[in-house]
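# Pasting the sequence and the predicted model now:
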Amino acid sequence: MSGHGAPISMTSHRSGGLAGTADIPGDKSISHRSLILGALSVGETVVTGLLEGQDVLDTARAMRAFGAEVARDDDGTWRIHGVGVGGFAEPDQVIDCGNSGTGVRLIMGAMATSPVTATFTGDASLNKRPMARVTDPLALFGAQAVGRSGGRLPMTIVGARDPLPVRYTVPVPSAQVKSAVLLAGLNAPGQTVVIEHEATRDHTERMLAGFGAQITTEDTAEGRIITLEGQPELSPQTIAVPRDPSSAAFPVCAALITEGSDVLVPNIGLNPTRAGLFTTLQEMGADLSYENLREEGGEPVADLRARFSPDLKGIEVPPERAASMIDEYPVLSVVAAFAQGATVMRGVKELRVKESDRIEAMAIGLRANGIEVEDGPDWWIVHGRGHGDVPGGATCASHLDHRIAMSFLVMGLATNQPVTVDDGGPIATSFPIFEPLMASLGADIRRDD
């Protein structure tokens, strides 16, 4: 039984060419941050294009619990009346963040330097995931955390009454950890400094600046140094959320491996810290092009066109690119199965502690579908068989992980035999319109009776 209810078995069948326009939902990372920073501002923040997946809806509910007014208009516009930095009220109930590691870690950071106490929980998957990576640096501000063994949810955070500014070096590349520390630094006096040896997605820094915080970023021999001046008054913003590149990965990759496909994905965010997958696919020989390049809300945006690419080649993905595409490795491994030769992915230990152990989950499923896979603690190699030679025919476990489920459903569109996932229910957490969108392009994905 999954956290969302009874498992929903789904099967993907070999399809003809995918064609049309894929209108992807809004970017999940920017949606979470819009709600949180809107809640920490004084006045009304207006957001259009917000991703209305369960993860983001859980964050909206959490912001209400901390005292912000969060409402959705009939036309899909969201309005957040914030309480200001340091203005969070103490929630009456436990904060349930569902499946969202991003949501819970960012919210913990946002409340850790306010004199309130909150208890967090999530679904079965989230409650297995490590939180010490966030609570350890939050303790430096003066916050206290009490949770289950191994630093797991449910967990209670007691916010610091007299927070201290922090200088913190992020031990592993993680935008969630960096962002939690920066959000905590908002209500600490003086300067909070975060140092990261490998650059991670920078939506938090861009949006903090947009909301009026004084924040600077400097690349040095020590690494990327981000300095935030504490206790600003954030100004409300009007935000148009770009489309999510992580969600776009699925119709894009499906088009590349499905014969006869030509799919346009408009308004995709191409933040350099997020677009590593598309660069990697082009290096593999994918027929992938950017049209109408522009900038919206401080983020680079373009329309992305993906066409069937029968001559994909395996490559070695540069390890330093991992942080810019960490969520896309599962679906990249599916494309790699249809390429000629080995695709080598290193420096990806973060995949071991996502919604599932994504390396293990994908390796087991790929092997079951006739693909040779090697894997180690922070690397894996997929030995591709080329177009038309991937057997398929297996049932794969999704492990309550939306990206695992969608990756194997993409795979089944081009395998010789159908591919089944045991539970597609978690897809709703990040991509609630995945099924109708893929069907509109011509994909044959069915729920099993």
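Sure, I can see it. Numbers count the residues shown, from 1 in each chain.
# Identify the residues contacting the residue with the largest distance to the centre of the chain.
Farthest-out residue of the chain from its mean C-alpha position, per C-alpha atoms, centre = their mean: D162, at 32.5 Å. For D162, the contacting residues are G142, by C-beta atoms under 8 Å, 6 or more residues apart in numbering. Bear in mind the C-beta positions are built from the backbone N, C-alpha and C, glycine included.
# can you tell me the helix or strand for it?
According to DSSP states H and E, D162 maps onto no helix or strand at all.
# and it, what pLDDT?
If you check D162, the pLDDT there is 97.
# average model confidence for stretch 289-305?
Averaging pLDDT along stretch 289-305 gives 88.
# Let's see the distance spanning it from one end to the other.
Taking C-alpha to C-alpha, to the nearest Å as the measure, stretch 289-305 stretches 5 Å from start to finish.
# What are the buried residues along it?
290, 297, 299-305 (16 or more other C-beta atoms under 10 Å).
# Which ones among the residues you listed lie within helices?
Among these, DSSP state H puts none in helices.
# of all the residues you listed, which comes closest to A139?
Of all those, A139 sits closest to E299, with 32.6 Å by C-beta to C-beta.
# how near is that closest one to H81?
As defined by C-beta to C-beta, to the nearest Å, E299 lies at a distance of 24 Å from H81.
# still on that earlier bit, now the buried residues of stretch 289-305 in TSV, with distance to G38?
Output for these, formatted as TSV (distance: C-beta to C-beta, whole Å):
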residue	distance to G38
Y290	30
G297	14
E299	17
P300	23
V301	21
A302	26
D303	28
L304	28
R305	33
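# Which one of those is nearest to G314?
L304 (22.5 Å).
# my guess is the closest one contacts A248, does it?
Yes: between L304 and A248 there is a contact under C-beta atoms under 8 Å: 6.5 Å.
# Quickly list what's touching both of those two.
Residues touching both L304 and A248 (C-beta under 8 Å, 6+ apart): 265, 268.
# Now name the helix or strand holding E218.
Per DSSP H and E: strand 215-220 holds E218.
# List the contacts of G386.
Neighbouring residues of G386 by C-beta under 8 Å, 6+ apart: 338-340.
# ok, now how distant is it from L304?
From G386 to L304 the distance is 24 Å (C-beta to C-beta).
# swap in L57?
26 Å.
# for E90, same thing?
Using C-beta to C-beta, E90 is found at 44 Å from L304.
# Do a quick rundown of the strands in the stretch 251-400 of the chain.
262-269, 287-296, 299-307, 316-317, 340-346, 372-376, 379-385, 395-396 (DSSP state E, counting those that start in this stretch).
# Compare those and report which one is nearest to A414.
strand 379-385 (11.2 Å).
# Show the secondary-structure elements that the closest one is packed against.
For strand 379-385, the packing partners by 3 or more C-beta pairs under 8 Å, 6 or more residues apart in numbering; DSSP states H and E come out as helix 329-337, strand 340-346, helix 358-368, strand 372-376.
# want to try a markdown table for the ones you listed, with distance to L264, mean neighbour count and mean pLDDT as columns?
Output for the helices and strands packed on strand 379-385, formatted as a markdown table (distance: least, C-beta to C-beta, whole Å; neighbours: other C-beta atoms under 10 Å; pLDDT from 0 to 100):
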| stretch | distance to L264 | mean neighbour count | mean pLDDT |
| --- | --- | --- | --- |
| helix 329-337 | 19 | 28 | 98 |
| strand 340-346 | 26 | 19 | 98 |
| helix 358-368 | 28 | 22 | 97 |
| strand 372-376 | 32 | 14 | 97 |
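# Dump those into CSV; add distance to G285 as well.
Formatted as CSV, these follow (distance: least, C-beta to C-beta, whole Å):
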stretch, distance to G285
helix 329-337, 11
strand 340-346, 9
helix 358-368, 20
strand 372-376, 21
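# how long is stretch 74-82 end to end?
21 Å.
# which residues touch that stretch?
34-35, 38-48, 50, 52, 60, 63, 68-73, 234, 236.
# Could you list the domains of the chain?
10-26+242-447, 28-230 (automatic domain parsing).
# would you list every one of the strands in the stretch 1-150 of the chain?
Going by DSSP E, counting those that start in this stretch, the stretch 1-150 of the chain shows strands at 10-13, 19-21, 42-48, 69-72, 78-83, 95-96, 117-121, 144-148.
# can you tell which of the ones you listed is closest to T135?
strand 144-148 (3.9 Å).
# Strand partners (parallel or antiparallel) of the following helix or strand past that closest one?
Counting by DSSP H and E, the next helix or strand C-terminal to strand 144-148 is strand 152-158. If you go by DSSP bridges, strand 152-158 pairs up with strand 117-121 (antiparallel), strand 144-148 (antiparallel).
# Quick check: which of the ones you listed is buried the most?
Mean neighbours per residue, mean count of other C-beta atoms under 10 Å, is largest over those for strand 117-121, with a mean of 19.
# measure L153 to N292 for me?
Noted for L153: a distance of 42 Å to N292, by C-beta to C-beta.
# Please apply the same query to A62.
A62 is 36 Å from N292, by C-beta to C-beta.
# repeat for P171
P171 is 40 Å from N292, by C-beta to C-beta.
# Next: T11.
36 Å.
# How about A361?
Between A361 and N292 the computed distance is 36 Å (C-beta to C-beta).
# Ends of stretch 269-280, what's the gap?
End-to-end span of stretch 269-280 (C-alpha to C-alpha): 16 Å.
# Pull out the buried residues from that stretch.
Buried, per 16+ other C-beta under 10 Å, within stretch 269-280: 269-271, 273-280.
# and if you look at stretch 119-137?
Those would be 119-123, 125-129, 131, 133-135, 137, for stretch 119-137 by 16+ other C-beta under 10 Å.
# Quick one: mean pLDDT for it?
95.
# what distance separates it from the middle of the whole chain?
Relative to its chain's centre, stretch 119-137 lies at 16 Å (C-alpha atoms, centre = their mean, to the nearest Å).
# circling back to that earlier point, for the helix or strand that the strand holding E218 is followed by, enumerate the helices and strands it packs against.
Sequence order places strand 223-229 as the next helix or strand after strand 215-220, per DSSP H and E. Under the contact criterion of 3+ C-beta pairs under 8 Å, 6+ apart, the helices and strands touching strand 223-229 comprise helix 175-185, strand 191-196, strand 215-220.
# at 10 Å instead, please
strand 167-170, helix 175-185, strand 191-196, helix 203-210, strand 215-220 (3 or more C-beta pairs under 10 Å, 6 or more residues apart in numbering; DSSP states H and E).
# Tell me where the model's unsure across the protein.
By pLDDT under 70, the weakly predicted segments of the chain are 1-4, 297-298.
# Can I get stretch 11-18 in PDB? Just the C-alpha atoms.
The C-alpha trace of stretch 11-18 is given here as PDB (Å, rounded to 0.1, in the frame of the first residue of the first chain):
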ATOM      1  CA  THR A  11       1.400  -0.400 -18.600                       C
ATOM      2  CA  SER A  12       3.200   1.400 -21.400                       C
ATOM      3  CA  HIS A  13       2.900  -0.100 -24.900                       C
ATOM      4  CA  ARG A  14       5.000   0.500 -28.000                       C
ATOM      5  CA  SER A  15       3.700   3.600 -29.700                       C
ATOM      6  CA  GLY A  16       3.800   5.200 -33.100                       C
ATOM      7  CA  GLY A  17       5.400   8.600 -33.500                       C
ATOM      8  CA  LEU A  18       4.600  11.100 -30.700                       C
END
